[in-house]
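Asker: Please work out how this folds:
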Amino acid sequence: LGELLYACNENRLMLYRGFGEKTQQNIRESIEFYFSSLGHYLFQQIESYALAVDTKLKNVFKGQSLLFTGEFRRQLEIINTLEWVTTAPIATVRDFFAGVGFDIIAEDKAYLLCKGKENVTLGFHCCSREEFYSLLFRTSCSETFLEAW
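Answerer: Residues are numbered from 1 along each chain as shown. Modelled structure (predicted):
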């Protein structure tokens, strides 16, 4: 696809019979849209994967609270990141995902972002049991709602 996009940018497709400027432009726009939407999924596309990961995590982190939050919990049409709020220590979550071949994209004191071979970004908000539901509320609603609240 990268080479085809390069050929479109160099106007090389118009050298071939049946490819005009409009066809070349449509191909270029389609490829650019494809590249820009990588890592973004429709809710229906990601739902079964999310539920399978959630089941696996609840088996791995037994005794810890773990609930969906963010875009998936709000059932938005487009899901960029699957997120959870958990009471599991961030080091334990990081070690688990690093051990199963995920790349750690970002990490701070209470948030971990990682990505696996499926190209799905997973985020984890780690907190204590006392602040679990408060953090779940804050991360489950939109910014506009939270400010109005």
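
Asker: I'd like to know which elements the least confident helix or strand in the chain by mean pLDDT is packed against.
Answerer: Ranking every helix and strand in the chain by mean pLDDT, DSSP states H and E puts helix 21-36 at the bottom, with a mean of 75. Helix 21-36 sits against helix 2-9, with contacts defined as 3 or more CB pairs under 8 Å, 6 or more residues apart in numbering; DSSP states H and E. Bear in mind the C-beta positions are built from the backbone N, C-alpha and C, glycine included.

Asker: The helix it packs on versus helix 21-36: what angle between them?
Answerer: 140 degrees (axes from the mean of the first three to the mean of the last three CA atoms, to 10 degrees).

Asker: Quick check: which ranges of this protein have low pLDDT?
Answerer: 33-39 (pLDDT under 70).

Asker: Residue for residue, what is the longest helix it has?
Answerer: Longest helix of the chain, by residue count under DSSP state H: helix 43-60.

Asker: Sheet partners, orientation included, of the helix or strand following that helix?
Answerer: Downstream of helix 43-60, the first helix or strand assigned by DSSP states H and E is strand 66-69. Partners of strand 66-69 in the sheet, by DSSP bridges, are strand 81-86 (antiparallel).

Asker: Tell me which helix or strand the residue located most distally from the centre of the chain sits in.
Answerer: Centroid-distance maximum for the chain: Arg17 at 41.1 Å, with CA atoms, centre = their mean. Under the criterion DSSP H and E, no helix or strand holds Arg17.

Asker: State the distance from it to Thr23.
Answerer: Note on Arg17: its distance to Thr23, by CB to CB, to the nearest Å, is 11 Å.

Asker: re earlier: mind listing what's buried along the longest helix of the chain?
Answerer: 46, 50, 53-54, 57 (16 or more other CB atoms under 10 Å).
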